[in-house]
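Asks: sequence isn't available, so here's the structure alone:
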């Protein structure tokens, strides 16, 4: 039984590493698409820009995205965010009725999360032990942090660099004790970037207003988007759009608390703490996976 568990873990790790490699490919494709403003790039042109044969590029690209490069390219172009707002906008008050039972919708399977008390948050992590480790993800190297209660932080190093990502998350809870322990976190990390998200509990560490905003984000289904102003309405602070934007940007558990699904009312992507290429890749990945 022990050997079987090791085999599954190694298999999952290999799959995650392969997915991370494919994200690097998609990242370079995004850069090629962004640098080309005269309509869609052909398969041959995209493959040539990455010094790959069309057949090889199509094969590895489609394996990551689940769709062809030409199909994903339409998701990656700047108009996709606006199209998502027009076609897949989620009213958070009614999001509970919008397909939340689908097993393919990542965050919808989250039924277990807990928040730190305001008093504990004010102590900036004093007395708290936070475990950390680096893992491969579909969006490059991912720094996962967690307490004994669940995941409390996920950061991405593809754009910022691994050292900056580490310093960023540590600075949020400066008085905590940090222990490198990827083995402790691995089941949650594999669940977060893999199959069964019910096995990835969350432990939200933030101020009360921030936690209200993050809770609202958890109501946005995969493949859908919302706006900062809609979130502000939902949390009862209609005029606090800027404060909501700040709280979204301070979300410590990226991807699982889907701050990448928050857009500007104009249809612009807005910012993203871990880099806009990561945000665009996440939206494209979800759109492709949900067949939108």
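Replies: Alright, I've got the coordinates. Keep in mind that this is a model prediction, so the values were computed, not measured.
Asks: from here on, contacts and neighbour counts on C-alpha atoms
Replies: Will do.
Asks: how about the strands in the stretch 1-150 of the chain?
Replies: Along the stretch 1-150 of the chain, the stretches classed as strands by DSSP state E, counting those that start in this stretch are 113-115, 129-137, 140-147, 150-156.
Asks: which of the ones you listed is buried the deepest?
Replies: For the strands of the stretch 1-150 of the chain, average neighbour numbers computed from mean count of other C-alpha atoms under 10 Å are highest in strand 150-156, which has a mean of 25.
Asks: which SSE is immediately downstream of it?
Replies: On the C-terminal side of strand 150-156, the nearest following helix or strand under DSSP states H and E is helix 162-172.
Asks: quick one: buried residues of that next one?
Replies: For helix 162-172, the neighbour count (16 or more other C-alpha atoms under 10 Å) marks 162, 165, 166, 169, 170, 172 as buried.
Asks: what is the distance between that helix and the centre of its chain?
Replies: From the chain centre to the centre of helix 162-172 is a distance of 17 Å (C-alpha atoms, centre = their mean, to the nearest Å).
Asks: mind splitting this structure into its structural domains?
Replies: Here the domain parsing of the chain from automatic domain parsing is 2-77, 85-289.
Asks: same question for the last one, mean pLDDT?
Replies: Across domain 85-289, the average pLDDT comes to 81.
Asks: do the shortest one as well
Replies: The predicted model assigns domain 2-77 a mean pLDDT of 70.
Asks: about what we covered before: to residue 272, which of the strands of the stretch 1-150 of the chain lies closest?
Replies: strand 150-156 (11.1 Å; C-alpha to C-alpha).
Asks: same for the closest one, what does it pack against?
Replies: Using 3 or more C-alpha pairs under 8 Å, 6 or more residues apart in numbering; DSSP states H and E, the elements in contact with strand 150-156 are strand 140-147, helix 162-172, strand 202-204.
Asks: so which of the ones you listed is nearest residue 269?
Replies: Closest to residue 269 of the helices and strands packed on strand 150-156 is strand 140-147 (C-alpha to C-alpha; 20.2 Å).
Asks: format the strands of the stretch 1-150 of the chain as a markdown table; extra columns: distance to residue 184.
Replies: What follows is these, written out as a markdown table (distance: least, C-alpha to C-alpha, whole Å):
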| stretch | distance to residue 184 |
| --- | --- |
| strand 113-115 | 18 |
| strand 129-137 | 8 |
| strand 140-147 | 9 |
| strand 150-156 | 11 |
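Asks: now, of the domains of the chain, which is deepest in the fold?
Replies: Taking mean count of other C-alpha under 10 Å, domain 85-289 is the most buried of the domains of the chain, at a mean of 19.
Asks: that domain: how far from the chain's middle?
Replies: Distance, stretch centre to chain centre, for domain 85-289: 7 Å (C-alpha atoms, centre = their mean).
Asks: so how far is residue 165 from the nearest residue to residue 182 once chain neighbours are set aside?
Replies: Excluding its sequence neighbours, the residue lying closest to residue 182 (C-alpha to C-alpha, 6 or more residues apart in numbering) is residue 133, at 4.4 Å. Counting by C-alpha to C-alpha, to the nearest Å, the gap from residue 133 to residue 165 is 12 Å.
Asks: residue 32 too?
Replies: 25 Å.
Asks: I'd say residue 49 and residue 32 touch.
Replies: Yes - assessed by C-alpha atoms under 8 Å, residue 49 is found in contact with residue 32 at 7.0 Å.
Asks: can you pull up the most central residue in the chain?
Replies: For the chain, the residue nearest the mean C-alpha position is residue 255 (2.0 Å; C-alpha atoms, centre = their mean).
Asks: close enough to count as contact, residue 54 and residue 60?
Replies: No - with contact defined as C-alpha under 8 Å, residue 54 does not reach residue 60; the gap is 10.3 Å.
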